[in-house]
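Student: Return atomic coordinates for the entry below.
(one chain, ligands or ions: 2)
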Amino acid sequence: MEALSLEFKVNGQKHKLSVAPNKRLLDVLREDLNLIGVKEGCSVGECGACTVIMDGKIVNSCMVLAGQAQNSEVLTVEGLEKEEGKLHPLQQAFLDAGAVQCGFCTPGMLMSSYNLLQANPDPDEEEIKDAITGNFCRCTGYKQIIDAIELAAERMNR
Ligand code: FES
Ligand code: FES
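Tutor: Ligands and ions are numbered 1, 2, ... in the order given. Next comes the predicted model:
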């Protein structure tokens, strides 16, 4: 298969890579760009561990092929950090509310909740539940995650 010259922006940086067109976006991010915050859980679009934002929309990067990412803008959890070492308010709220246990679901949860707060800075509980419906967590029972998103929204709206 002929290699694809993939041009896209990730976390605000332009990239040009030669990849197989059927390589998954998940693998391009993890293997070619070393963005290992993006996690692989189910590999079939069910668990949300691999969630990133592509052109303003939540996608499961295990279900997106490199060719589909051509000329797109992708945001991963690494792109949430504002300055070196300074956590995004959502990341800080996840820590403060005890919403991170094993942490495997956390990058995907953060991307879904970031996308929610971009569109709706003051969501109610139902809207939060709806936004993270595609993200599975085996550890927390979701309560602390919902609390964290509410806390982040409160802090960001101050
Ligand atoms: S690894 Fe992509 S949705 Fe589970
Ligand atoms: S913190 Fe372990 S899967 Fe969510």
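
Student: Touching, residue 48 and residue 137? I think so.
Tutor: No: counting by C-beta atoms under 8 Å, residue 137 is not a contact partner of residue 48; they are 9.1 Å apart. C-betas here are computed from N, CA, C, even on glycine.

Student: Next, show the common contact partners of those two.
Tutor: 105, 109 (C-beta atoms under 8 Å, 6 or more residues apart in numbering).

Student: can you give me the strands for the protein?
Tutor: Ranges of strands in the chain, per DSSP state E, are 4-10, 13-19, 51-54, 57-60, 73-75.

Student: List, one by one, the residues from the protein near ligand 1.
Tutor: 40, 41, 42, 43, 45, 46, 47, 48, 49, 50, 60, 62 (C-beta under 6 Å from any ligand atom).

Student: if we can go back for a sec, of the strands of the chain, which stretch is the most buried?
Tutor: Of all the strands of the chain, strand 51-54 carries the top mean neighbour count, a mean of 23, counting by mean count of other C-beta atoms under 10 Å.

Student: Partner strands of it, with direction?
Tutor: Paired neighbours of strand 51-54 in the sheet (DSSP bridges): strand 57-60 (antiparallel), strand 73-75 (antiparallel).

Student: can you list the ones you listed in TSV and add distance to ligand 2 and mean pLDDT?
Tutor: Compiled in TSV, the strands paired with strand 51-54 are given as follows (distance: least, C-beta to the nearest ligand atom, whole Å; pLDDT from 0 to 100):
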stretch	distance to ligand 2	mean pLDDT
strand 57-60	16	98
strand 73-75	20	98
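
Student: Indicate which one of these is closest to residue 8.
Tutor: strand 73-75 (6.3 Å; C-beta to C-beta).

Student: thought residue 134 was touching residue 112?
Tutor: Yes: Residue 134 lies in contact with residue 112 (C-beta under 8 Å); the separation is 6.9 Å.
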